[in-house]
Every structure is written in structure tokens, then in C-alpha cells.
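In: heads up, no residue letters with this:
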């Protein structure tokens, strides 16, 4: 299963530990984009150490005052257009956690 | 081109989640896809007509009107969720449909992709 | 063709409407065919995981106190309609709960199916094999 999950809060959903997928995408939107940009005590968000593909929504980054160059290199920045393509082309099931 | 069904259960004002869902729908429509949009729970507030536009509050009525004009966008309010909030047929913006929850499940049936935003 | 939908409930009840809507939407699958073509239908499975298992506790008094249908009543209605209801075994144990604490049947209503307490892996299989997943 190719599974994409939306993370929309700046806390890690517990269920992430348990989801199994042949391909897992973590899409950071809304307050989820802080995972891609903020370092707490100098450390990147633990969510980024997961075995997954990471994406962050550029509009939600900009809304919160982040330019794309502030985003962790593991995270691909995409806009709404890119998000639509991602949903249709790269993943089969999508969960909003 | 495909069909995207979006179900949103979050309120119009407060979290920008409904804004997210509508922007996603808008992007999908611009790419030529078809979108069914289901409003349930507090999201039914979006259906209410005569909403004033203030910059401190989300306002999506104009965008929805444009999307409806494409002919590839349907938006439907959960009947019970709306009525429980005092939103009757006469209170709903032009172009909005009102159905019970089974409409959403039927829309999902032949959707190529589902984005279900289950609310706060 | 019948398509399977997984309704996965991971949130607590009452403070937000979302878990109630999970159950009412799952129950609405019984009438989805009025909007579908002949031979098409929807078969739901409801799975409670994480804090969501607390929706399944017995003796909920929401109707008596707040005048709203309890999650317990919705769950019993789901069983009465022969819906498949799964509860995550590991999560029940994390909260120190057992089958004795949750709604396992609705015999008093005449329901024949019962709640199944299963390992999370079984619920993951449902998510993988379902045609659509609705996560609440």
C-alpha cells in the first residue's frame, strides 16, 4: 500500500509508530510545517527520522513566516498544485491524522 | 483526469482546515479533475448564505461560487448536521446540495482519491 | 460490486463531534445504495484504536445527562445492523481494560454479531485491504 498521511499539528501522532506501508509519505501542512522548520533544543523534529518521504506545503510555510530555504533538506516543498499531483500519482490512500 | 472526493468536518472559522480543503479542491479543479466536496459537522457552516467578509475570519463563498461555475465541482451539506445548527434549505447558498450521510459514502464509491478530514 | 470502507476511530468521544460522526456515517452505509447503481454497495468496518477505544466503554449516560445519544448506543446500533466492529487489543490493555469493560454485544436489541477484540496488525490489514479509509 502506498500511504500518505497528513500531519497538521506540531506534535507527532502516536499512530505513526504503527502504520505499515510499502511506501509512506508524510505531508506536513498547517502547524505540521513546524516539524520541517523548527529545531527544539537544537534538534530537528523526531518525525524526520522516520523511514518516509516528507513533504511540506509551501503556502502553509509562508503563512507562518518560513521561506523554503528554512526547510530541512529531507523535506520536499510543494504547493497546492504539487499536492494534487502527489495525491493522484504517488499515493493510493490518504489519511488526515 | 480523476475524481477527488473531499470530506471536511472542521469549522469554517478558527482552524483554516476548511480553507485548506477548499484550496485543495481549487487546485484539483484547475488541473482538470472533478471534485465532490462533503460538509459535515461544523463544516456545514460554509453552506450558510449571507456571510460577511471580514479579514479576521475565513471567507470562502466567492471561491465556492467560482468552483461551482466550472461544472466539475459539487458541494453537499449533511442534512442532519446542518439542520441541527439551524441551517435549513432556504438558508443555504445557491448551488449547494443537501443530502444525508449516505451521499458522501456513495460519492466515495467511485472516487479515485479520498481526502477525508475528520474534524477536530 | 460491494466496496469495503474502513472507519478508523482514534479520538476520544464527546469533547468533539468527530467520533460520533464516524459511527453515524458508518451506519449510513446501509442506505448508500440509494445513490448508487444496481449491484453496487458499501460494506463498512469500524475499528477503534488508540484513545478511540474509550468510545466503547459500557454504561455511558450521555443521553440521561446531556440528552445526546451515547457512543455506546450508536455502537449497539452498529452491531444490530451487522456491522463489523473491531477494537484494538493492545490499546485496550494499555488502558487496563478488558472485554468486560466495553460493549461487546447488543443482545437486548436482538443483534447477532459481536464486537471483536483483535491485535492492531489485524486492523492494519483492514486499512490495507479496504477500498477506502476514513480516519476519525
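Out: Ah, there it is. As the structure is a computational prediction, the values presented were derived from the model and not from experiment. Numbering: from 1, shown residues only, chains lettered A, B, ... in the order given.

In: what sits against residue 44?
Out: With no chain named, the answer covers chain A. Each residue near residue A:44 by CB atoms under 8 Å, 6 or more residues apart in numbering or on different chains is listed here: residue A:72. Every residue, glycine included, has its C-beta placed from N, CA and C.

In: wait, I meant chain B there
Out: B:77, B:78, B:81, B:82, B:85, B:87.

In: nearest residue to the fourth one other than its sequence neighbours?
Out: When the adjacent residues along the chain are set aside, residue B:82 lies closest to residue B:44, with 4.3 Å between them (CB to CB, 6 or more residues apart in numbering or on different chains).

In: tell me the SS of that neighbour?
Out: The three-state assignment at residue B:44 reads helix, by DSSP: H, G, I helix; E, B strand; the rest coil.

In: Relative to chain C, how far out is it?
Out: Noted for residue B:44: a distance of 11 Å to chain C, by CB to the nearest CB, to the nearest Å.

In: which ones are touching residue C:55?
Out: C:9, C:12, C:13, C:19, C:23, C:48, C:71, C:75 are the contacts of residue C:55 under CB under 8 Å, 6+ apart.

In: Now do the contacts for the second one.
Out: The contact partners of residue C:12, taken as CB under 8 Å, 6+ apart, are C:19, C:51, C:52, C:54, C:55.

In: So which residues on chain C come close to chain B?
Out: Within chain C, the residues that sit near chain B (CB under 8 Å from any CB of the partner chain) are C:3, C:5, C:11, C:16-18, C:21-22, C:24-25, C:28-36, C:40, C:42, C:132-136.

In: where does chain B come near chain A, residue by residue?
Out: So chain B meets chain A at B:2, B:4, B:15-17, B:20, B:23-24, B:26-28, B:30-31, B:33, B:112-118 (CB under 8 Å from any CB).

In: from those, which ones fall inside helices?
Out: B:17, B:20, B:23, B:24, B:26, B:27, B:28, B:30 (DSSP state H).

In: Now do the contacts for the second one.
Out: In this case it means residue B:20. Taking CB under 8 Å, 6+ apart, one finds A:29, A:30, A:60, B:117 in contact with residue B:20.

In: And the last one, how far from residue A:33?
Out: So the one you mean is residue B:117. Using CB to CB, to the nearest Å, we find residue B:117 at a distance of 17 Å from residue A:33.

In: Neighbour count: the two, which is higher?
Out: residue A:33 (28 against 25; other CB atoms under 10 Å in any protein chain shown).

In: still on that earlier bit, and the two most separated of the contacts of residue C:55?
Out: For the contacts of residue C:55, the maximum inter-member distance is 14.7 Å, found between C:12 and C:75 (CB to CB).

In: Give me the buried entries from the contacts of residue C:55.
Out: The neighbour count (16 or more other CB atoms under 10 Å in any protein chain shown) marks C:9, C:12, C:13, C:19, C:23, C:48, C:71, C:75 as buried among the contacts of residue C:55.

In: Using JSON lines, lay out those together with distance to residue A:24 and secondary structure.
Out: Converted to JSON lines, the buried ones among the contacts of residue C:55 look like this (distance: CB to CB, whole Å; DSSP: H, G, I helix; E, B strand; the rest coil):
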{"residue": "C:9", "distance to residue A:24": "21", "secondary structure": "strand"}
{"residue": "C:12", "distance to residue A:24": "26", "secondary structure": "coil"}
{"residue": "C:13", "distance to residue A:24": "29", "secondary structure": "coil"}
{"residue": "C:19", "distance to residue A:24": "25", "secondary structure": "helix"}
{"residue": "C:23", "distance to residue A:24": "28", "secondary structure": "helix"}
{"residue": "C:48", "distance to residue A:24": "22", "secondary structure": "strand"}
{"residue": "C:71", "distance to residue A:24": "30", "secondary structure": "helix"}
{"residue": "C:75", "distance to residue A:24": "31", "secondary structure": "helix"}
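
In: okay, the residues you listed in a markdown table with pLDDT and distance to residue C:123 next?
Out: A markdown table is the format used below for those (pLDDT from 0 to 100; distance: CB to CB, whole Å):
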| residue | pLDDT | distance to residue C:123 |
| --- | --- | --- |
| C:9 | 98 | 11 |
| C:12 | 97 | 18 |
| C:13 | 97 | 19 |
| C:19 | 96 | 16 |
| C:23 | 97 | 16 |
| C:48 | 98 | 9 |
| C:71 | 98 | 18 |
| C:75 | 98 | 16 |
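
In: could I get those as CSV with distance to residue A:87?
Out: As requested, these are exported to CSV (distance: CB to CB, whole Å):
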residue, distance to residue A:87
C:9, 23
C:12, 29
C:13, 30
C:19, 25
C:23, 27
C:48, 27
C:71, 31
C:75, 32
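
In: shouldn't residue C:58 be in contact with residue C:101?
Out: Yes. Using CB atoms under 8 Å, residue C:58 makes contact with residue C:101 at a distance of 6.4 Å.

In: from the ones in helices among the residues of chain B next to chain A, which is closest to residue C:67?
Out: Checking these against residue C:67 by CB to CB gives residue B:17 as the nearest, at 28.2 Å.

In: which bits of chain A sit near chain B?
Out: Within chain A, the positions adjacent to chain B are A:6, A:8, A:29-30, A:59-60, A:79-81, A:83-85, A:87-88, A:93-96 by CB under 8 Å from any CB.
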